[in-house]
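>>> sequence and predicted structure, then a few things I'm wondering about:
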2 protein chains.
Amino acid sequence: MKPLKLGIAGLGTVGGGLLGLLQANGTHVANIIGREIRVTGISARNQSKERGIAVDGVEWFADPVALARDPSNDVFVELIGGEDGVAKAAVEAALSAKKHVVTANKALLAKHGVELARLAETNGVALNFEAAVAGGIPVIKTLREALGANRVKRVYGILNGTCNYILTQMQSENRAFDDVLKEAQALGYAEADPTFDIGGFDAAHKLALLTSLAFGTRVAFEQIHVEGIQSITQADIEAADSLGYRIKLLGVSMETESGIEARVSPVLINKDSAIAEVSGVTNAVAIDGNFSGNILLVGPGAGAKPTASAVAGDILDIARGLVVPPFVTPVAQLKAHRRAKLDQHYGSYYVRLALYDKPGAMANVAKSMGDRGISLESIVQHRPQTLHAPRGSSRVQNRADQPVIIITHETTEEAMRLALETIEKDGNVTERPQMIRIEEL
Amino acid sequence: MKPLKLGIAGLGTVGGGLLGLLQANGTHVANIIGREIRVTGISARNQSKERGIAVDGVEWFADPVALARDPSNDVFVELIGGEDGVAKAAVEAALSAKKHVVTANKALLAKHGVELARLAETNGVALNFEAAVAGGIPVIKTLREALGANRVKRVYGILNGTCNYILTQMQSENRAFDDVLKEAQALGYAEADPTFDIGGFDAAHKLALLTSLAFGTRVAFEQIHVEGIQSITQADIEAADSLGYRIKLLGVSMETESGIEARVSPVLINKDSAIAEVSGVTNAVAIDGNFSGNILLVGPGAGAKPTASAVAGDILDIARGLVVPPFVTPVAQLKAHRRAKLDQHYGSYYVRLALYDKPGAMANVAKSMGDRGISLESIVQHRPQTLHAPRGSSRVQNRADQPVIIITHETTEEAMRLALETIEKDGNVTERPQMIRIEEL
């Protein structure tokens, strides 16, 4: 069988990993699929950079779009990044030239996924993006193929390694958010400007893609409710721990009567669920199929090698002649993403209140909850010092606040929001109440 | 596109589940893949049995082999079971007639997998068996395709729900093996003759298939070292727990210098590994790829619906035109399974000794270990009553034995075997020493 010829644009972390994989495992792969996978063209910013990997006999292209169009390759591998600009132009050029495309670019797909998928389908080629979600974990392929005969009820996961690393460190070493963030930046786990990760936006990009794949809806990044982990304190992590929970940044998407509820936010999950043990930069994605039941996939969410493994898996599928519509459901049949009102979310909640130490404060809190039909599963009042309030903070100095932890029974988000507004307005608390959803897994 | 026509042989649990899935999700599936999946022929022992599922307009075949040969269907779905007999004859007939085959029959594949794969490859058709390993978990597809560009270093998993259920119950409810087994039988989780499950043979069938897929070797069920869970006592589970471990029946296969080490046995695993939290009848499989890193898949290992989901996923692949060699590596290139000597296994061990309460016994134990170059990480001596020895047993009555728990540093299995033989021969223990491998995950 003829070799499968690759044009690779971008030789950063992932591109370098892919070349390394082809060098290390290329013979093995050729034996299995009965054809050689050969890199025939490369486009990268710096041709002369030492990469420790032989790229002899490969044609260099200054312009990725020219590489994408060039008839010397069968598959265009886009590893440039960026949601617009040259990455988009090159992918469009390749698809229009009836070439298969493999990309790890979640931002591009979250913004232009539907139009690119349409272009791929029109031209009868593959647009594969396993590496765009959860690194080396084969979640796209599982949704498209292995669980393809299921109706998905819910998909959720730990989709950002930076956040999971920070939360895990805060938990295991009892350290403050800012402290761990600085360390993560030093280790290269977090960017200098960490907003994209810790604000939940990276996870939301991935959840937007998973939502489309799971529910047959158009990709709608802007319809995802996003909360980051900046507001999570050591007090929350300790209180959750003592009540049998872990705090994780979870992307969750599910079909409800009023539409699709898709959200990225910190949640409390039961300590003895398998996903609670997913620590550090590891990612995890679970899919609830109506026949498969709950299928959980865990693995490295980033890194040169795992991401290269995912890109290479996509290339293998193309080498074997498999072409599946990028979002499983053909673009013409994708439904609009109808957003569920988050106010109608139904579940239990964790609440941390910095309550004024005055008579009647707790009674007022309980009444505010009761008035909204919220019943309480537990109330725990800790002494401030057990919660490690920062030394010298005004909260500790004047001892005005008594941290109170409340776990509610199931109720609506609207009831919670209104009750907490009342509690705040009535002057019972020294700071905004902390409210975190409890996710039943 | 033309409908894909199925001939289904066997309408037991899985067959019924598959009909249910096609009825519930058929329209959805047809929309996604652009062609209808239609059942045109069925062969089952009892045609008149009420199944709660419409099978009108379907031709019934008394003989599964006739159904397998009949040109009215494109895909033969074998859900009869059994490692020989009619299941084998029907699968052979279908493959010879150039029909794709989907089967959930692990026993058939463990025994005749290579010859059936050769027949499939010769005829250019698929032989898919996702449902044969770990129920609804897409592990075959992940090994064949998603991680296909990796060299696998190790594959391991919780492959038998019955054993995992029993061990979980012993752990969480502090109950004896026999007691939990009886309950599992009453609940339908264990067969009347439970040997196949609790003896580890069911898991070994699955591990034989995973080993072939992972390492490109011929399926060699008889080369797998098999130990069951019958010897695990409450004392072991409690001692492991107190040392930070869980006991699981794990199938493990890895390439070593001296060959493939493939074994099914109870092992101790660290409590805070994700797989330690896999409880009840749930299964889990982990794949260590040289680029992907450790990818863990968790989900229901049995049951009508999850198994039907896996069978339907296999059918989807065929509907999309994907044909991969059954064991990934084409049969002509499969290597012989070279079995590693288990004596050369290198790792840590858990040992429980019923030590005679006499001077010098412990010193003799330590010396026997030391003489074999085994160094000890910890020794814990419990009072017998804390280990819940059965009331009235002779062990408790004469107080002759002192349970001693030893965790060793890494050593060879040969050294351990010889040291324990010496300890037993020297008359230090009242019963055979319990030795369990500690698995680093």
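Noted; the coordinates are in hand.
>>> what parts of the stretch 251-400 of chain A come near chain B?
Taking C-beta under 8 Å from any C-beta of the partner chain as the measure of proximity, the stretch 251-400 of chain A contacts chain B at A:272-274, A:276-279, A:289-300, A:303, A:305-306, A:308-310, A:312-313, A:315-317, A:320-322, A:324-325, A:328-330, A:333. Every residue, glycine included, has its C-beta placed from N, CA and C.
>>> just the helices from the stretch 101-250 of chain A, written as ranges.
With helices called from DSSP state H, counting those that start in this stretch, the stretch 101-250 of chain A shows them at A:106-122, A:139-141, A:161-173, A:177-187, A:195-198, A:201-215, A:234-242.
>>> the last one - what's its average pLDDT?
So that's helix A:234-242. Across helix A:234-242, the average pLDDT comes to 96.
>>> neighbours of A:E431, just the number please.
A:E431 has 11 neighbouring residues, counting by other C-beta atoms under 10 Å in any protein chain shown.
>>> before we move on, what about A:T412?
The burial count for A:T412: 18, using other C-beta under 10 Å.
>>> quick revisit: just put the helices of the stretch 101-250 of chain A in a markdown table and tack on mean neighbour count and distance to B:I423.
Below are the helices of the stretch 101-250 of chain A laid out as a markdown table (neighbours: other C-beta atoms under 10 Å in any protein chain shown; distance: least, C-beta to C-beta, whole Å):
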| stretch | mean neighbour count | distance to B:I423 |
| --- | --- | --- |
| helix A:106-122 | 21 | 58 |
| helix A:139-141 | 27 | 49 |
| helix A:161-173 | 22 | 39 |
| helix A:177-187 | 16 | 47 |
| helix A:195-198 | 19 | 55 |
| helix A:201-215 | 27 | 54 |
| helix A:234-242 | 20 | 42 |
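>>> got TSV for the ones you listed, with distance to B:G244 too?
Formatted as TSV, the helices of the stretch 101-250 of chain A follow (distance: least, C-beta to C-beta, whole Å):
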stretch	distance to B:G244
helix A:106-122	38
helix A:139-141	31
helix A:161-173	15
helix A:177-187	25
helix A:195-198	32
helix A:201-215	32
helix A:234-242	18
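>>> out of the ones you listed, nearest to chain B?
Checking the helices of the stretch 101-250 of chain A against chain B by C-beta to the nearest C-beta gives helix A:139-141 as the closest, at 5.0 Å.
>>> which strands or helices does that closest one pack on?
Secondary-structure packing of helix A:139-141 (3 or more C-beta pairs under 8 Å, 6 or more residues apart in numbering or on different chains; DSSP states H and E): helix A:201-215.
>>> how far is the helix it packs on from where the chain is centred?
7 Å (C-alpha atoms, centre = their mean, to the nearest Å).
>>> show the average pLDDT along that helix.
For helix A:201-215, mean pLDDT is 98.
>>> is it anywhere near chain B?
No - against chain B, helix A:201-215 shows no contacts by C-beta under 8 Å from any C-beta, the least distance being 10.8 Å.
>>> how far off helix A:161-173 does that helix point, in degrees?
Angle between the axes of helix A:201-215 and helix A:161-173 is 110 degrees (criterion: axes from the mean of the first three to the mean of the last three C-alpha atoms, to 10 degrees).
>>> CA atoms of helix A:201-215 as PDB?
The C-alpha trace of helix A:201-215 is given here as PDB (Å, rounded to 0.1, in the frame of the first residue of the first chain):
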ATOM      1  CA  PHE A 201     -11.900  29.200  29.800                       C
ATOM      2  CA  ASP A 202      -9.600  26.400  28.600                       C
ATOM      3  CA  ALA A 203     -11.900  23.800  30.100                       C
ATOM      4  CA  ALA A 204     -14.900  25.600  28.500                       C
ATOM      5  CA  HIS A 205     -13.300  25.300  25.100                       C
ATOM      6  CA  LYS A 206     -13.000  21.600  25.600                       C
ATOM      7  CA  LEU A 207     -16.500  21.200  27.100                       C
ATOM      8  CA  ALA A 208     -17.900  23.100  24.100                       C
ATOM      9  CA  LEU A 209     -16.500  20.400  21.800                       C
ATOM     10  CA  LEU A 210     -17.600  17.500  24.000                       C
ATOM     11  CA  THR A 211     -21.100  19.000  24.200                       C
ATOM     12  CA  SER A 212     -21.400  19.100  20.500                       C
ATOM     13  CA  LEU A 213     -20.200  15.600  20.100                       C
ATOM     14  CA  ALA A 214     -22.400  14.200  22.900                       C
ATOM     15  CA  PHE A 215     -25.600  16.000  22.100                       C
END
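>>> tell me the confidence at the residue lying farthest from the centre of chain A?
Among residues of chain A, the one most distant from the C-alpha centroid is A:P359; the distance is 44.4 Å, by C-alpha atoms, centre = their mean. Here the pLDDT value assigned to A:P359 is 84.
>>> now do the SS call for it.
Here A:P359 takes the coil state, with states given by DSSP: H, G, I helix; E, B strand; the rest coil.
>>> secondary structure element for the residue nearest to A:N294 when sequence neighbours are not counted, which one?
Nearest residue to A:N294, sequence neighbours excluded (C-beta to C-beta, 6 or more residues apart in numbering or on different chains): A:D288, at 5.2 Å. Using DSSP states H and E, A:D288 sits within strand A:282-289.
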